[in-house]
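> model the following, please.
(2 chains)
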Number of protein chains: 2
Amino acid sequence: MIDLSEIERRLLPDEELSRKLSRVSQDLISKIRIELERDGIQAEPLLVGSVSKGTFLDPDIDIFISFDRKYEKSFIVSTSLRIGHRVLSNGTERYAEHPYVTGSVSGIKVDIVPCYRIKKGETIITAVDRSPLHTRYILEALPEEKKSQVRLLKAFMKHLGIYGSEVSTKGFSGYVCELLIIRNGDFIETIRSFSQTKGRYIISDGATRKFKDPVVIVDPVDGKRNAAAAVSLENLSLMKIASREFLLNPSDEFFFGTRTRKKVLMERGTHFRIFRLPLIDAVPDTLYPQVDKFRRVLEKLLDDGGFIPLGSEIHMGESIDILVELRFLKSPRFIIHRGPPADSERTHDFIEKWIGNERALGPYLLGDRLFVEVPTQPESVEEYILNRIGKRNIGKNLNPVKSKLSILKPSPSEEYEVLTKYFSRVIPIHPRKPP
Amino acid sequence: MIDLSEIERRLLPDEELSRKLSRVSQDLISKIRIELERDGIQAEPLLVGSVSKGTFLDPDIDIFISFDRKYEKSFIVSTSLRIGHRVLSNGTERYAEHPYVTGSVSGIKVDIVPCYRIKKGETIITAVDRSPLHTRYILEALPEEKKSQVRLLKAFMKHLGIYGSEVSTKGFSGYVCELLIIRNGDFIETIRSFSQTKGRYIISDGATRKFKDPVVIVDPVDGKRNAAAAVSLENLSLMKIASREFLLNPSDEFFFGTRTRKKVLMERGTHFRIFRLPLIDAVPDTLYPQVDKFRRVLEKLLDDGGFIPLGSEIHMGESIDILVELRFLKSPRFIIHRGPPADSERTHDFIEKWIGNERALGPYLLGDRLFVEVPTQPESVEEYILNRIGKRNIGKNLNPVKSKLSILKPSPSEEYEVLTKYFSRVIPIHPRKPP
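Sure, this is the predicted structure:
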């Protein structure tokens, strides 16, 4: 086994940073408290998140202003924005479930977010109301000496690209890492538990309902909530595989290794098209699911149209680019209509409609269902998509720009980030032979 | 409603034929009985099948020689063959479960088949031992006046192409038709029951086990047997659809209509290949399942190879022809290897093997499984199949002739029965508007 304590040391913040974080956050909290008292508002500033819990890798300061439940939501939002701007001279507004102020002090990123004060078991009003309860729970349940174990786990997951519960990552949140260490005892036992799990990974103590997600870690402050609901099946799978690799051949590369991106060049005999929309001003957590839905709508349409999509990739840079690899650039010369099943009263009308048609093949039975094949005018992939995308719902933010969709044939002389990404799909693991 | 009694009259055998059948079968039975008595064999000739039950459409005479259980199987077979040849001067031997003699007398086809005498509930020794029990049951349970109802049902099914339990038909046997009339009362009620059935068609009185077939009609002489096990889902579906069509618009076309084959000509932009094997001397019920398996092996291989088969058809004439319609004539330039699932210990070896390979894309995760894409030399459909078919099992009778497989590209100037069949896949129904 490698010396994990050496890695723990490398992950510890230096003393100067720790002092600075403590000073900046105490200073901000005092200022906010003064503002609240001056305005006679029943609310309290709280340091939450990984800095408050002493388990951080990145020193971001999250301060929540916890309001009494008697206040209207519009009031707590406007109050927090006003106070946020007062205490953060360089603050700008961002929008998650509701607007908040983000800025920086002495080079440290600071968020100031409103929430409602709730007690364990009470119904939350906004999505972030649980955070102060999470902080309190972790401070009570996670002993000081285990904090560096949380850092090891976070760094391991971060290096795999599965740390963070944003929809573009679909990974493990910091809170989930803390719960895993509390439950399993330390980093190595957590790794061992993933390496040995078959199927779903489940810690369901205190659950008050059933969960179907690949990873289930019931929130100790709310038995109705799966704290790990964001984790995708792929990311659970990667965590299992990487855990086994680490146990076979432990090395600090799993925390600090640098990876050169493998870019495979292959004469594939297929076709590529990039479906491009203008970039939209929206929070990534709102936009990404829509882009992902747009990708699935495109793949389904292309599959129905007989173009045979083989794979796809998303890149959001200066524009929203969705790459699709296709086996065909023209749709087939005939389409197969799926008719009613044999048990349906509609078989008569379907037969009546098609049986006399000399250009239609069928109706015939496949299993218990009628089908008919009808010649059709083939379309190019561009015509096919542009003729159909108008009617599809691809989400609130993307629908208005559907008319701006352009379809690019990637030119061999140009670089496309989405194409590079597509041809570097490799799990981030460097295994070596077992010793 | 049309006059069904008129159709019943058209289906009745004329008196001359009836007298001839009776005379020929009585004469044969006497002769066989004399032979058996002379040799001192404890066995009895029995008229079985539809002629014995008076429900026939085609006047075939089936005579079973029912032997005492004390005899060896080889003895009952050789004895029946010897007697069969003595009473049928033009007899030839055929092979089903065991050999038997078939021939004709006064233009009427005659089969002479050995079986063991069993009582209801006793275990059968050969597959045909139940036939005399079936005959006895039907003679007891089917009143004389219902016999023409059986003929209506048989003719209706025959016209649909779903009468007969041979593997090439996968339809309803004569015995099943008789049981349907006994259960439902008459032809119209049988049609009505099919028209109203959702899902499987089940008559399970007296069942001593569970059945999963699309049609379940438990054999009254053996509760462990589904008399309708041969019926395919397609044929059940066609029976439901045709029954509803008949009730909407009853006409004698459902019994006697002639159909002109609809041959659809379509510019499909696809490719056709005929996979041809020499015809083999084997009973159709043995050969057909192997040809059907060969068809499925070909489709699976072509699908795995990326040729994208769209459909297929079988024709057995002077050769065994399997037509396959394909979207590609060349295999892709790369193949996707399916690796182990994340839970498997084999992930390490798979990653070790592929991660350093600069020509391979991946390994990457899709769901809980690893995949890798590797460039490969494309093959023509002919090369691809001929390189692989040698290792596949396509059945006892076809395996020895695999090396004679030829792959034809249909020439536009020639006629191919299998291609005509493929382009005339239409359910045999002529619906009209409801009155």
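
> ok, which stretches of the stretch 51-200 of chain A are strands?
A:61-67, A:92-95, A:99-105, A:108-116 (DSSP state E, counting those that start in this stretch).

> in a markdown table, list those strands along with distance to residue A:5 and mean neighbour count.
No exception for glycine: its C-beta is placed from N, CA and C like everyone else's. Formatted as a markdown table, these follow (distance: least, C-beta to C-beta, whole Å; neighbours: other C-beta atoms under 10 Å in any protein chain shown):
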| stretch | distance to residue A:5 | mean neighbour count |
| --- | --- | --- |
| strand A:61-67 | 28 | 24 |
| strand A:92-95 | 38 | 12 |
| strand A:99-105 | 33 | 19 |
| strand A:108-116 | 27 | 22 |
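
> would you turn those into TSV with distance to chain B and mean pLDDT?
Below are the strands of the stretch 51-200 of chain A laid out as TSV (distance: least, C-beta to the nearest C-beta, whole Å; pLDDT from 0 to 100):
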stretch	distance to chain B	mean pLDDT
strand A:61-67	32	95
strand A:92-95	32	86
strand A:99-105	33	93
strand A:108-116	32	94
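
> export those to a markdown table and tack on distance to residue B:377?
Listed next are the strands of the stretch 51-200 of chain A as a markdown table, based on distance: least, C-beta to C-beta, whole Å:
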| stretch | distance to residue B:377 |
| --- | --- |
| strand A:61-67 | 57 |
| strand A:92-95 | 54 |
| strand A:99-105 | 55 |
| strand A:108-116 | 54 |
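
> quick check: closest non-adjacent residue to the residue nearest the centre of chain A.
Geometric centre of chain A, nearest residue: residue A:167, 1.9 Å, by C-alpha atoms, centre = their mean. Leaving out its chain neighbours, the residue that sits closest to residue A:167 by C-beta to C-beta, 6 or more residues apart in numbering or on different chains is residue A:288, at 4.7 Å.

> what lies in contact with whichever strand or helix holds the one you found?
Assessed by DSSP states H and E, residue A:288 sits inside helix A:284-304. Helix A:284-304 is contacted from outside by A:96, A:166-168, A:275, A:277, A:280, A:308-309, A:312, A:314, A:316, A:320, A:322, A:324, A:326, A:381, A:384-385, A:388-389, A:392, A:394-398, using C-beta atoms under 8 Å, 6 or more residues apart in numbering or on different chains.

> still on that earlier bit, burial count for the residue nearest to residue A:167?
By other C-beta atoms under 10 Å in any protein chain shown, 19 other residues sit near residue A:288.

> where does pLDDT dip in the stretch 151-300 of chain A?
In the predicted model, the stretch 151-300 of chain A carries pLDDT under 70 at residues A:260-261.

> ok, which stretches of it are helices?
With DSSP state H, counting those that start in this stretch, the ranges of helices along the stretch 151-300 of chain A come out as A:174-184, A:187-196, A:233-248, A:253-256, A:284-304.

> kindly report the residues of the stretch 251-400 of chain A close to chain B.
Residues of the stretch 251-400 of chain A found near chain B (C-beta under 8 Å from any C-beta of the partner chain) are A:262, A:264, A:266-270, A:308, A:327-328, A:330, A:332-334, A:341-343, A:345, A:347-348, A:351-352, A:355, A:358-370, A:373, A:375, A:378.

> now with 6 Å, please.
A:264, A:266-269, A:333-334, A:342-343, A:347, A:351-352, A:361-365, A:367-368, A:375 (C-beta under 6 Å from any C-beta of the partner chain).

> drop anything exposed from those.
A:264, A:268, A:334, A:342-343, A:347, A:351, A:361-365, A:368, A:375 (16 or more other C-beta atoms under 10 Å in any protein chain shown).

> max-length helix in chain A?
Assignment by DSSP state H gives helix A:15-39 as the longest helix of chain A.

> need the contact list for the residue in the stretch 301-435 of chain A that chain B sits nearest to.
Of all residues in the stretch 301-435 of chain A, residue A:342 sits closest to chain B, at 3.4 Å by C-beta to the nearest C-beta. Contact partners of residue A:342, counting by C-beta atoms under 6 Å, 6 or more residues apart in numbering or on different chains, are A:368, B:237, B:240-241.

> quick one: which of those residues is most hemmed in?
residue B:241 (29 neighbours).

> how close does residue A:99 get to residue A:105?
20 Å (C-beta to C-beta, to the nearest Å).

> brain fart, residue A:52
Distance of residue A:52 to residue A:105, computed by C-beta to C-beta: 16 Å.

> name the nearest residue to the residue in the stretch 101-250 of chain A positioned nearest to chain B, sequence neighbours excluded.
Across the stretch 101-250 of chain A, the shortest distance to chain B (C-beta to the nearest C-beta) belongs to residue A:237, at 3.4 Å. Leaving aside its sequence neighbours, residue A:237 sits nearest to residue B:342 (C-beta to C-beta, 6+ apart; 3.4 Å).

> pLDDT wise, what is residue A:337 at?
According to the prediction, residue A:337 has pLDDT 92.

> list the contacts for it?
Here residue A:337 is in contact with residue A:372 (C-beta under 6 Å, 6+ apart).

> tell me which residues in stretch A:335-346 are buried?
Under the neighbour-count criterion of 16+ other C-beta under 10 Å, stretch A:335-346 has A:336, A:339-344 buried.

> adding secondary structure, write those residues out as CSV.
Formatted as CSV, the buried residues of stretch A:335-346 follow (DSSP: H, G, I helix; E, B strand; the rest coil):
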residue, secondary structure
A:336, strand
A:339, strand
A:340, strand
A:341, strand
A:342, coil
A:343, coil
A:344, coil
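
> in TSV, list these along with distance to residue A:116.
TSV is the format used below for the buried residues of stretch A:335-346 (distance: C-beta to C-beta, whole Å):
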residue	distance to residue A:116
A:336	55
A:339	55
A:340	53
A:341	52
A:342	57
A:343	53
A:344	53
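
> out of those residues, who's nearest residue B:42?
Closest approach to residue B:42 among those (C-beta to C-beta): residue A:342, at 50.3 Å.
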